[in-house]
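Engineer: Can you look at this prediction? I've put the sequence above it.
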Amino acid sequence: MIDPGGVDWSTVRRSSYLLEQSFRYDYPAPIRHLDHRLVVIPPARFGDQVRLRHSLDVEGRGVRVENRVDRFGNVVFSVFAPRIAASVEFTARVSIERHTGEPHRLEDGWLGDGYLLEPTCLTAPDSRIRQAAEQLAAKAPWGLPLAESINDWVYQAMSYQDGVTGVRTTAPQALAIGRGVCQDYAHLMLSVCRACNLPARYVSGHLIGEGGSHAWVEVVLPIHDGTGDAIAWTFDPTHASRGGLNYVTIAVGGDYGDVAPTSGTYKASVQGSLKARKRVTLTELDFAV
């Protein structure tokens, strides 16, 4: 095991990780018709990130598991059970490797879906966000300079505080509060980017060395090399950074709702309780010579 706190990530050319994550739901009485969704396994390849091995174990009787790839390219597991007596637990294990190299390139047609520019329920701008977008766009050229300005502006506009927002908090609400978590920072940056006509998407994953899951933004910009391709550039407004090999991507989407790690429905007159656990172990590093 390697301590990520002592690593100079600017000198790393290859990094390997083992991700172990579990979600356990306990119920005070039996539930029926469980229909659960898990987004906890990354794609086989995402830019310079490669999934080497993975597994998803479900502890519960009579459970059926299906998986598919959604319209964003995410791996989505659906779990069904006619009855759960007392509890159900999901455990994901993934071995991942990242390499320095070319930026993440998206093939021609990347704008076809439209989600990169369309506001969502969580990212639709209000007058304050539109005004900020106009001011930022007037000071920085469209593209990476504008994205960097927005990244810095969000970092300055917010203070990190857990417990004051939730998964349904919108970007305007988070800005009005002026406090929140990484999810709120990402939603606010997405709202400003899209108001500036900068294509951008929400990224869910893990920042090595942090306890919980993390969220950041990718701004997608055309290359203009005749191919129609684009590059997805990483921005982390929570830390006013541009990311690095210490970030592990799980999924992308329009906002948090597209990539929620665990969600679902069931029929019962009782409410369950959730216990979540996560560990990301840095297993190997190669340094530039």
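Structural biologist: Here it is on my side, so go on.

Engineer: Does D152 belong to a helix, a strand or coil?
Structural biologist: Secondary structure, DSSP: H, G, I helix; E, B strand; the rest coil: D152 is helix.

Engineer: shouldn't D26 be in contact with K275?
Structural biologist: Yes: judged on C-beta atoms under 8 Å, D26 makes contact with K275 at a distance of 7.4 Å. Using the backbone N, CA and C atoms, a C-beta is placed for each residue, glycine as well.

Engineer: Mutual contacts of the two, please.
Structural biologist: Common contacts of D26 and K275 (C-beta atoms under 8 Å, 6 or more residues apart in numbering): none found.

Engineer: who touches S10 in this structure?
Structural biologist: G244.

Engineer: Validate this expectation: it resides in a helix.
Structural biologist: Yes: counting by three-state DSSP, one finds S10 located in a helix.

Engineer: Model confidence at it, what's the number?
Structural biologist: Looking at S10, its pLDDT stands at 88.

Engineer: One more: Y256?
Structural biologist: 98.

Engineer: wouldn't it be in contact with H214 here?
Structural biologist: No: Y256 is beyond contact range of H214, at 12.0 Å (criterion: C-beta under 8 Å).

Engineer: joint contacts of those two?
Structural biologist: The contact lists of Y256 and H214 share S204, where a contact means C-beta under 8 Å, 6+ apart.

Engineer: ok, M189 - how many residues close by?
Structural biologist: For M189, the count of nearby residues is 30 (other C-beta atoms under 10 Å).

Engineer: Can you name every helix or strand that the helix or strand where it lies contacts?
Structural biologist: Using DSSP states H and E, M189 falls within helix 182-195. Helix 182-195 is packed against helix 127-139, helix 144-157, helix 171-177, strand 200-207, strand 214-222, helix 256-259, with contacts defined by 3 or more C-beta pairs under 8 Å, 6 or more residues apart in numbering; DSSP states H and E.

Engineer: Tell me the confidence at the residue positioned nearest the centre of the chain?
Structural biologist: For the chain, S204 is the residue whose C-alpha lies nearest the centre (C-alpha atoms, centre = their mean; 1.0 Å). As predicted, S204 sits at a pLDDT of 98.

Engineer: cool, and the one 5 residues further on?
Structural biologist: Per-residue confidence for G209 comes out at a pLDDT of 84.

Engineer: Next: M1.
Structural biologist: 67.

Engineer: Present the helices and strands packed on helix 182-195 as CSV; the columns should include distance to W9.
Structural biologist: Shown next, in CSV, are the helices and strands packed on helix 182-195 (distance: least, C-beta to C-beta, whole Å):
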stretch, distance to W9
helix 127-139, 28
helix 144-157, 18
helix 171-177, 28
strand 200-207, 11
strand 214-222, 15
helix 256-259, 24
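
Engineer: For this structure, give me the ranges with low pLDDT.
Structural biologist: Under the criterion pLDDT under 70, the flagged ranges of the chain are 1.
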